[in-house]
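A.B. asks: starting from these lines, generate the structure:
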Amino acid sequence: MQTINIVAHAEDVSQIEAIKAVLKAFKIKFEIYKNKGKEKPYNPEFVAMIQQGDKDLKDGRGKKMSLKELNALWK
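C.D. replies: Prediction:
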């Protein structure tokens, strides 16, 4: 079984019901998440990790590396 994400921008309840009916007709299991435009599509833990990294850099906790040093890390 594969899981994919599909975003549908329904304008009213009748459109939502139509989408649900099609998925049920094809016997596709689905979940509905209501998003009122305020929620972010990113995992909150991932966002917190990125924000912490930005804060660490601003506070002087970090190391600048040359391209040669970076390339050495990937070998």
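A.B. asks: using the three-state scheme, assign the residue of the chain most remote from its centre.
C.D. replies: Using Cα atoms, centre = their mean, the residue of the chain lying farthest from its centre is Lys68. It sits 32.4 Å away. Using DSSP: H, G, I helix; E, B strand; the rest coil, the secondary structure recorded for Lys68 is helix.
A.B. asks: separation between Gln51 and Trp74?
C.D. replies: 25 Å (Cβ to Cβ, to the nearest Å). From N, CA and C alone the C-beta is placed, and that goes for glycine too.
A.B. asks: I misspoke; the intended subject was Phe26.
C.D. replies: Computed with Cβ to Cβ, the distance linking Phe26 and Trp74 is 44 Å.
A.B. asks: the two - which one has more neighbours?
C.D. replies: Shown here are Phe26 and Trp74; by other Cβ atoms under 10 Å, Phe26 has more neighbours (8 against 5).
A.B. asks: okay, that one: pLDDT?
C.D. replies: On pLDDT, Phe26 comes in at 96.
A.B. asks: swap in Lys64?
C.D. replies: Lys64 carries a pLDDT score of 83 in this model.
A.B. asks: can you count the residues close to it?
C.D. replies: 6.
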